[in-house]
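> how does the following fold in three dimensions:
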Amino acid sequence: MVEEEQKTMKEEEHGKSGYWKDGKKQAVGFLNLTRTIVKALPGFPGELPFKLETGYVEVGEKKDVVLFYYFVESERNPTDDPLLIWIAGGPGCSTLRSFFYQIGPLTIEYPDTSKEIPDLHLNPYSWTKLANVIFLDAPTSGFSYAKSPETYKNSDTLSAKYTYQFLSKWLEKHSKFISNPLYITGLSYSGITIPLIVQEIFNGNEAGNEPRMNIAGYIIGNPLTDRNIDFNSKIPYAHQMALLSDEIYESTKGNCNGEYVNVNASNKLCQRDLQKVDECLENVNLYHILEPICTSDTTTRSLLQKKFGSSTNKYPVPLPRAAKLKGQQWCRDNTYLYTDVWANIQSVRKALNIREGTIGKWIRCNDDHYVIGKNDTVNYAYDVSSTLDNHRNFTQKNCRALIISGDHDMAFSHLGTKRWIRDLHLNVDRTWAPWFVKQQVAGYTESFSHDDFTLTFATVKGGGHAAQESKPEECLAMVHRWFDHNPL
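Modelled structure (predicted):
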C-alpha cells in the first residue's frame, strides 16, 4: 500500500531528530524532509488514479516544528500547471477537511457506522484536475507536531515564517516545480496568514534567497482581512439578508455608531439593541445562513463521538449497525466527524506513513482556533489584526489576487470584503456583472488593477463560508478560467 522512497543520509542531508513523549526524547530518524508515495488508501477501492505524496518537513530555528503535508500532482499537466499550497483557516487546523470536502481529489462518506472505515470516492470537482496542490497541516494540528510541546510557541507572523521555510525546503527537494507559477491559497482565517506568507516570499526573493520562488499570486475565500471591518460587517449583512428588521438595524446602527464589537459597557442603548440582534441571529448558521445548525445530541454526532472520542487514544472499533433515524436533521458539521474517524484508524496511519508516537488522537483544529474576542492562547499570539497594508504592498508587485465570497456566509461576509477592496483604491477594470456556469448565474464579479497587480473579486451565489464546499462545480469553473487568464 505504501511505497517509501529510498534515500541515503547524504542525499537527504538530514539531521538527527526526535519527538517528546512522557518527558523523554524519542529518536525517529532523519526528519528534515521525508516523503512517501501513497499508492492506495483505506476506504478507496483499488489503487489511487492520481499521484499522492505525504511527508514531513522540519521548520523553526531549532527545527523543532514538524509539518505534515499531502501533495497531489495535477491530473492535467503537472509540468506546466500552477503549484498551489493550501492553508487551512483556524488558525491551527488540518487541511484534511479541505482535502475531502473542498478542493481535494477524494470525497468521504460514512453511510454505515458499523463499518470501521468510511467510504472514499473520486471528487469530480477537485482543483487537482488543473493544479498541483500541497495541503499543509498547521503546527500541532492534524499530523503535524512539535518535538518539544512544552516550549512550543506560534503566532500569525511565526506561522507565515514556518510556511515560507516549508516551501523553501519542499521546493529544494521538488525542483521540477520551481518554475511552476506558485499561488498561496486558502480561506477564512488564512486571510490573515496568506498575505503574510506572500510578503515573506517577496521579501525572500528580493533578498536573493534560494530557491527563488515563482510567486504568481494568491487566492483567499471569505477571508478575515481586517478585524474591525470584517467583524463590524456582520450586522449590516444580517440586515441586508432580512435577518434583522429595519427598525432593529437602524436603532442598533444609531446607538452603537456603527461599532458592534468594541462597545463601551456604559452605552446601555447599544447593549440593549445588540441583545435584540443576538436574539434574532442566535439560531442562524453563521457560516451558511440557509443551512441548519448542528446540535450536540444528533444521532450521527453522538455515534461518531462514541466511536473515536475515547480519552485513551485507542483507535476506534466498529459500532453496532446504526440505521439512519427517520426525520433526523442533516447538518454539515456532523459530516466533518468522518475525518476524525478515518484519520484515527491505524491502517490509515500506516498508509500515510505517519510516524508512531508523534501524535495521539488526530484532531482537526487545535486549541488555537480563533473566535471573536479571544485573547492569545498559551501557545499562539494573534499578533496581526489586519493585513490590509500587505494587500497595498502587493499593488506594487507583479501579482494576481482572486478573492472569493460565498454570499451566504455571515462570518466574514462579502460586505466587509468589498469594503477593504475599495480601500485599496485600485483602478476598476470591470464593473459588477454576473458570471455563469452552464448558462446559469453562478455569482457576481468585478476586477481591479494597479500597474502589474490585478485583483478579481467574485461572489458565489448560494455559497457559504467555504464556497468550494457548498458550490464545488462553480468554484472549479471559476479558478479554471482565472488560472488561464480568462474572464470569469
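> report the secondary structure state of residue 125.
coil (DSSP: H, G, I helix; E, B strand; the rest coil).
> so it touches residue 472, yeah?
Yes: counting by C-beta atoms under 8 Å, residue 125 does reach residue 472; the two are 3.8 Å apart. All C-beta atoms are positioned from the backbone trio N, CA, C, and that covers glycine.
> tell me which of these two has more neighbours.
Neighbours were tallied for residue 125 and for residue 472 using other C-beta atoms under 10 Å; the higher tally belongs to residue 472 (21 against 16).
> from residue 464, how far out is that one?
Taking C-beta to C-beta, to the nearest Å as the criterion, residue 472 is separated from residue 464 by 12 Å.
> same check on residue 267?
Residue 267 is 32 Å from residue 464, where distance means C-beta to C-beta.
> of those two, give the one with the bigger neighbour count.
When residue 267 and residue 464 are compared on other C-beta under 10 Å, the one with more neighbours turns out to be residue 464, at 25 against 15.
> residue 175: what's it in contact with?
Residues counted as contacts of residue 175 (C-beta atoms under 8 Å, 6 or more residues apart in numbering) are residue 211.
> find the residue closest to the residue most central in space within the chain in space, skipping its chain neighbours.
Taking C-alpha atoms, centre = their mean as the criterion, residue 88 is the residue nearest the geometric centre of the chain, at 2.1 Å. In space, residue 88 comes closest to residue 95 once its chain neighbours are excluded; the distance is 4.8 Å by C-beta to C-beta, 6 or more residues apart in numbering.
> which pLDDT value goes with that neighbour?
You'll see residue 95 listed with a pLDDT of 95.
> repeat that for residue 333.
At residue 333 the predicted local confidence, pLDDT, stands at 84.
> SS state for residue 35?
Residue 35 falls in the strand class when you classify it by three-state DSSP.
> for it, give me its contacts.
Here residue 35 is in contact with 5, 53-55, 173 (criterion: C-beta under 8 Å, 6+ apart).
> mind checking which of the residues you listed are buried?
Those of these that meet the buried threshold are 53-55, 173, by 16 or more other C-beta atoms under 10 Å.
> nearest to residue 84 among the residues you listed?
Taking C-beta to C-beta as the measure, residue 53 is the one of the buried ones among the contacts of residue 35 closest to residue 84, at 14.4 Å.
> from what I can see that closest one touches residue 78, true?
No: between residue 53 and residue 78 no contact is recorded; they are 11.6 Å apart, counting by C-beta under 8 Å.
> quick one: average confidence on stretch 450-459?
If you average the pLDDT over stretch 450-459, you get 98.
> residue numbering should commence at 666 henceforth.
In the new count, where the first residue is 666, that last one comes out as stretch 1115-1124.
> now it: buried residues?
Buried positions in stretch 1115-1124, judged by neighbour count with 16+ other C-beta under 10 Å: 1115, 1118-1124.
> got it, and stretch 1018-1037?
Residues of stretch 1018-1037 classed as buried: 1018-1020, 1023-1024, 1026-1031, 1033-1035 (neighbour count, 16+ other C-beta under 10 Å).
> could you export those as a markdown table, including secondary structure, distance to residue 799 and pLDDT?
Formatted as a markdown table, the buried residues of stretch 1018-1037 follow (DSSP: H, G, I helix; E, B strand; the rest coil; distance: C-beta to C-beta, whole Å; pLDDT from 0 to 100):
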| residue | secondary structure | distance to residue 799 | pLDDT |
| --- | --- | --- | --- |
| 1018 | coil | 16 | 96 |
| 1019 | coil | 17 | 95 |
| 1020 | coil | 19 | 93 |
| 1023 | coil | 20 | 92 |
| 1024 | coil | 20 | 88 |
| 1026 | coil | 25 | 89 |
| 1027 | coil | 19 | 91 |
| 1028 | coil | 21 | 86 |
| 1029 | coil | 18 | 87 |
| 1030 | strand | 19 | 87 |
| 1031 | coil | 20 | 82 |
| 1033 | coil | 21 | 72 |
| 1034 | coil | 22 | 72 |
| 1035 | coil | 23 | 70 |
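> turn the residues you listed into CSV, including distance to residue 1092.
CSV is the format used below for the buried residues of stretch 1018-1037 (distance: C-beta to C-beta, whole Å):
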residue, distance to residue 1092
1018, 49
1019, 49
1020, 51
1023, 50
1024, 48
1026, 51
1027, 47
1028, 45
1029, 41
1030, 39
1031, 42
1033, 38
1034, 38
1035, 33
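> remind me which residues of the protein are low pLDDT?
For the chain, the stretches flagged by pLDDT under 70 are 666-697, 778, 961-994, 1036-1039.
> is residue 749 in a bridge, and if so with what?
Partner residues in beta bridges with residue 749: residue 798, residue 848, with DSSP bridges as the criterion.
> ok, back up a step: taking the contacts of residue 700 together, which two end up most distant?
Taking C-beta to C-beta, no two of the contacts of residue 700 sit farther apart than 719 and 838, at 13.5 Å.
> what's stretch 861-870 in contact with?
When contacts are taken as C-beta under 8 Å, 6+ apart, the neighbours of stretch 861-870 outside the stretch itself are 752, 821-822, 824-826, 828-829, 832-833, 847, 849, 877-878, 880, 883, 1049, 1052, 1055, 1058-1059, 1062, 1064.
> ignore the last one, stretch 1088-1098
Residues beyond stretch 1088-1098 that count as contacts (C-beta under 8 Å, 6+ apart) turn out to be 1053, 1056-1057, 1060, 1109-1115, 1118-1120, 1152.
> so where does the nearest residue to residue 901 once chain neighbours are set aside fall, helix or strand?
Spatially, and ignoring its direct neighbours in sequence, residue 901 is nearest to residue 1080 (5.7 Å; C-beta to C-beta, 6+ apart). In this assignment (DSSP states H and E), residue 1080 forms part of helix 1079-1087.
> and residue 886, how far is that from residue 834?
Separation of residue 886 from residue 834 (C-beta to C-beta): 27 Å.
> which one of those two is surrounded by more residues?
It is residue 886, of residue 886 and residue 834, that has more neighbours when counted by other C-beta under 10 Å, with 30 against 18.
> for the more buried one, what are its contacts?
With contacts defined as C-beta under 8 Å, 6+ apart, the neighbours of residue 886 are 851-853, 1068-1071, 1131-1133.
> which of those sits closest to residue 1007?
Relative to residue 1007, the closest of the contacts of residue 886 is residue 1131; by C-beta to C-beta it sits at 18.9 Å.
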